[in-house]
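**Student:** I need the structure of the sequence given here:
(chains A, B, C and D)
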Number of protein chains: 2
Amino acid sequence: MTAQRRVVAEVLDGEHVHLTADEVHARAVAKLPEISRATVYNTLGELVTLGEVLEVSTDQRAKRYDPNAHQPHHHLVCAQCGAIRDVHPVGNPLADLPDTERFGFTVSDVEVTYRGVCPNCAAA
Amino acid sequence: MTAQRRVVAEVLDGEHVHLTADEVHARAVAKLPEISRATVYNTLGELVTLGEVLEVSTDQRAKRYDPNAHQPHHHLVCAQCGAIRDVHPVGNPLADLPDTERFGFTVSDVEVTYRGVCPNCAAA
DNA sequence: ATCCTACAATAGACAATGTCTAAAGCAAGT
DNA sequence: ACTTGCTTTAGACATTGTCTATTGTAGGAT
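**Tutor:** Numbering: from 1, shown residues only, chains lettered A, B, ... in the order given. Below is the predicted model of the structure:
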């Protein structure tokens, strides 16, 4: 655990939003000006491997990082502004995939992304 | 409808797999050597706007294009090799998102991505 | 038939995001 | 203090996607 990694962890833990790697870097630089981009990418990768943070890819170009890794949840994305909310649908979509639709895969995970328009964008 | 657009449409229609833009370009060049990358991107964008083709973003870097736009379906992705299969789960996940979990969004669409390991990768 | 206009295609520059490498820094053990 | 090995750094590089200026082309007007 180095100063750099602590800063990255703090950034993610501090704001429970879904930041891009670049946004994480920008906030990390504010706390530790000499931190490099490569370190932020490396640390994010390690956190993902450790299961402390989730990678979320909506259809934007950049991946986003979700610090809420310990509670299963899905995402609701605004098609216009790209805002992301965590949501908790009922039911278990894994159970909705019949064996005949698994094609021999060992299915371990499911990711559900709802798309719509957020209240802000609807008002505008 | 120009020769270039026809070629792009043929490439997508010919193989019912999920190609990246670059793969589409490579196959289009094989049929029409002077086609440019920009034209492929433009045409893919138009096809998406027209609703003839779907954009699929798994967690890879590149978006993939799915010619099977007219039958609702979801995707099963191999975490190791990135292979994608179309699947048809039972049930309607849109109905599984209670009003209290919609946060004022107008939810119009849902995308389900199952992740696992395909038989090929499991054998290796 | 020729010209004009509008749209399409092209090549290549540019931008955004992510990955890799070589060098320097730093910490722990000897 | 020296060595060893891991971490960080800066920046080059790679990939994917977008934009722009130019050229090509098709169809109607003269």
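**Student:** from here on, contacts and neighbour counts on C-alpha atoms
**Tutor:** Noted.
**Student:** which positions in chain A make contact with DNA strand C?
**Tutor:** With CA under 7 Å from any atom of the strand as the criterion, chain A meets DNA strand C at residues A:Thr20, A:Ala21, A:Asp22, A:Arg37, A:Ala38, A:Tyr41, A:Arg61, A:Ala62, A:Lys63, A:Arg64.
**Student:** report the buried members of the residues you listed.
**Tutor:** The neighbour-count test (16 or more other CA atoms under 10 Å in any protein chain shown) marks A:Thr20, A:Ala21, A:Arg37, A:Tyr41, A:Lys63, A:Arg64 as buried among the residues of chain A next to DNA strand C.
**Student:** show the contacting residues for the second one.
**Tutor:** Read it as A:Ala21. Contacts here follow CA atoms under 8 Å, 6 or more residues apart in numbering or on different chains; on that basis A:Ala21 touches A:Val40, A:Tyr41, A:Leu44, A:Ala62, A:Lys63, A:Arg64, A:Tyr65.
**Student:** which one of these is nearest to B:Ala30?
**Tutor:** Ranked by distance to B:Ala30 (CA to CA), the contacts of A:Ala21 are led by A:Ala62 at 31.0 Å.
**Student:** in chain A, where's the longest helix?
**Tutor:** helix A:37-50 (DSSP state H).
**Student:** beyond it, next helix or strand please.
**Tutor:** strand A:54-56 (DSSP states H and E).
**Student:** contacts for that next one, please.
**Tutor:** By CA under 8 Å, 6+ apart, strand A:54-56 touches A:Val48, A:Lys63, A:Arg64, A:Tyr65, A:Asp66, A:Pro67, A:Asn68, A:Ala69, B:Asp59.
**Student:** cool, and stretch A:91-102?
**Tutor:** Stretch A:91-102 is contacted by residues A:Asp109, A:Val110, B:Leu76, B:Val87, B:His88, B:Pro89, B:Val90, B:Gly91, B:Pro93, B:Asp96, B:Tyr114 when judged by CA under 8 Å, 6+ apart.
**Student:** quick one, which of those residues are buried?
**Tutor:** A:Val110, B:Leu76, B:Val87, B:His88, B:Pro89, B:Pro93, B:Tyr114.
**Student:** for those residues, work out which two are farthest apart.
**Tutor:** B:Leu76 and B:Pro93 (15.7 Å).
**Student:** where in chain A is pLDDT low?
**Tutor:** Within chain A, not a single segment meets pLDDT under 70.
**Student:** sec struct for the residue in it that DNA strand D sits nearest to, please.
**Tutor:** Taking CA to the nearest atom of the strand, DNA strand D has its nearest neighbour within chain A at A:Ile35, 3.2 Å off. Under DSSP: H, G, I helix; E, B strand; the rest coil, the three-state class of A:Ile35 is coil.
**Student:** wait, it touches A:Gln4, no?
**Tutor:** Yes: contact between A:Ile35 and A:Gln4 holds when scored by CA atoms under 8 Å: they sit 6.6 Å apart.
**Student:** please enumerate the helices of chain A.
**Tutor:** A:3-14, A:21-31, A:37-50, A:119-123.
**Student:** tell me how far the first one lies from the chain's centre.
**Tutor:** Helix A:3-14 has its C-alpha centroid displaced from the chain centroid by 15 Å (CA atoms, centre = their mean, to the nearest Å).
**Student:** pipe the contacts of stretch A:91-102 into JSON lines and attach distance to DNA strand D per row.
**Tutor:** Listed next are those as JSON lines, based on distance: CA to the nearest atom of the strand, whole Å:
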{"residue": "A:Asp109", "distance to DNA strand D": "24"}
{"residue": "A:Val110", "distance to DNA strand D": "22"}
{"residue": "B:Leu76", "distance to DNA strand D": "19"}
{"residue": "B:Val87", "distance to DNA strand D": "22"}
{"residue": "B:His88", "distance to DNA strand D": "25"}
{"residue": "B:Pro89", "distance to DNA strand D": "27"}
{"residue": "B:Val90", "distance to DNA strand D": "30"}
{"residue": "B:Gly91", "distance to DNA strand D": "30"}
{"residue": "B:Pro93", "distance to DNA strand D": "27"}
{"residue": "B:Asp96", "distance to DNA strand D": "30"}
{"residue": "B:Tyr114", "distance to DNA strand D": "20"}
